[in-house]
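S.K.: Here is a sequence with its predicted model. Questions after.
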Amino acid sequence: MDWGIKNRLQRIFKEDGKTVMLAVDHGYFLGPVSRMEEPRKTIEPLITYADSLMITRGVLRNCIEPRFNIPVVLRASGGNSILGKDLSNEGITLSFEDAVRLNASAVALSIYVGTDHEHQTLVNLSKLVDEGQKYGIPVLAVTAVGKELGKRDAHYLSLSSRIAAELGAHIVKTYFCENFQEVVKSCPVPVVIAGGPKLKNELDVLRIAYEAVSQGAKGVDMGRNIWQSRWPVAVISAIRSIVHENASYKKACNMFNDLRK
Ligand code: R5P
């Protein structure tokens, strides 16, 4: 790996090799999703608790002050909306020149293994990796977003995560599942987990984070289960304790309950 890629990855993954990424890029297909109607208001109070922000260039430029010294993972795929027929029909929506202008530490795109757009999105990934190599910018591949994908079990997530790594992704973002260790074991690059739609109980989010990290995830890249919570700072702080301080599930729950008060 070239120095630029290594350095950028080390900005995202802290000294312990782990990371708490805050995903706030949902508007690229969901529009003004609940609690992200005014991105600045939601994101700013959480920046100091995150190791990086996964974000679109539009929200970064318009809603985040450049003074914040936080690594940025720029959303680089899209081209459709929740109103369209097929979320998997994505193209590349960002140039590396713009990623450099925005001082990106990585770029992110989604792949849709097992859909009609499997080939297109996997080729997008390969192209992005090739371009990223020229600029020293790593690529994060997001697997398995969307309702049409059906069962997200260890078999499917291992398949899509491994394919992402084989095509050159430097980080894979996927979902937690039963036998998650199988997904991590067969993926030769760091795996982080998304949270998915908001769960009713924050303690369930902490359990997922705890189980994922215990089974080898290098951290989380979560969005809605943090910033759609009534207590986003308490949730992200408790997640940090799991990821960076090896806190037990019980300790993280106690931390959440104390902070929430
Ligand atoms: C979805 O495509 C977005 O890229 C999000 O970054 C991703 O789904 C993670 O966010 P959440 O934890 O809300 O699922």
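M.R.: Structure's in. What do you need?

S.K.: For residue 33, which non-adjacent residue is closest in space?
M.R.: Excluding the flanking residues, the one nearest residue 33 by C-beta to C-beta, 6 or more residues apart in numbering is residue 26, at 5.1 Å. The way it works is simple: take the backbone N, C-alpha and C, and place the C-beta from them, glycine included.

S.K.: again with residue 68
M.R.: residue 47 (5.4 Å).

S.K.: Help me confirm that the one you found comes into contact with residue 65.
M.R.: No: between residue 47 and residue 65 there is no contact under C-beta atoms under 8 Å: 9.2 Å.

S.K.: neighbour-wise, which of these two wins?
M.R.: Between residue 47 and residue 65, counting by other C-beta atoms under 10 Å, residue 47 is the more crowded of the two (15 against 8).

S.K.: The helix or strand hosting residue 239 and the ligand in contact?
M.R.: Assigned by DSSP states H and E, residue 239 belongs to helix 232-245. No: counting by C-beta under 6 Å from any ligand atom, no contacts exist between helix 232-245 and the ligand, the nearest distance being 11.0 Å.

S.K.: So for whatever helix or strand comes next after that helix, what gets flagged as buried?
M.R.: Downstream of helix 232-245, the first helix or strand assigned by DSSP H and E is helix 249-260. Within helix 249-260, the residues that count as buried by 16 or more other C-beta atoms under 10 Å are 249, 251, 252, 253, 255, 256.

S.K.: For the last one, give its distance to residue 247.
M.R.: Read it as residue 256. Using C-beta to C-beta, to the nearest Å, residue 256 is found at 10 Å from residue 247.

S.K.: what's residue 107 sitting at in phi/psi?
M.R.: phi -120, psi 160 (degrees, to the nearest 10).

S.K.: mean confidence for the helix holding residue 239?
M.R.: Helix 232-245 carries an average pLDDT of 98.

S.K.: which outside residues touch it?
M.R.: Helix 232-245 is contacted by residues 14, 16, 18-20, 22, 42, 45-46, 49-50, 202, 205-206, 209-210, 213, 219-220, 222, 225-226, 229, 247, 249, 251-253, 255-256, 259-260 when judged by C-beta atoms under 8 Å, 6 or more residues apart in numbering.

S.K.: which among those residues are in contact with the ligand?
M.R.: Answer for these near the ligand (C-beta under 6 Å from any ligand atom): 222, 225.

S.K.: Give me the subset of the contacts of helix 232-245 lying in helices.
M.R.: Of these, the ones assigned to helices by DSSP state H are 42, 202, 205-206, 209-210, 213, 225-226, 249, 251-253, 255-256, 259-260.

S.K.: closest point of the stretch 1-150 of the chain to the ligand, which residue?
M.R.: Of all residues in the stretch 1-150 of the chain, residue 23 sits closest to the ligand, at 3.2 Å by C-beta to the nearest ligand atom.

S.K.: which one is that residue nearest to, not counting chain neighbours?
M.R.: residue 223 (3.5 Å).

S.K.: what residue ranges in this protein score low on pLDDT?
M.R.: 145-150 (pLDDT under 70).

S.K.: Give me every residue in it lying close to the ligand.
M.R.: Counting by C-beta under 6 Å from any ligand atom, the chain sits next to the ligand at 23, 25-26, 54, 110, 142, 145, 194-196, 221-225.

S.K.: run the last query once more with 5 Å
M.R.: 23, 25, 145, 194, 195, 196, 222, 223, 224 (C-beta under 5 Å from any ligand atom).

S.K.: got those as JSON lines, with neighbour count and distance to residue 242 columns?
M.R.: Converted to JSON lines, the residues of the chain next to the ligand look like this (neighbours: other C-beta atoms under 10 Å; distance: C-beta to C-beta, whole Å):
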{"residue": "23", "neighbour count": "26", "distance to residue 242": "17"}
{"residue": "25", "neighbour count": "26", "distance to residue 242": "23"}
{"residue": "145", "neighbour count": "21", "distance to residue 242": "23"}
{"residue": "194", "neighbour count": "22", "distance to residue 242": "16"}
{"residue": "195", "neighbour count": "22", "distance to residue 242": "13"}
{"residue": "196", "neighbour count": "17", "distance to residue 242": "17"}
{"residue": "222", "neighbour count": "26", "distance to residue 242": "12"}
{"residue": "223", "neighbour count": "23", "distance to residue 242": "17"}
{"residue": "224", "neighbour count": "22", "distance to residue 242": "18"}
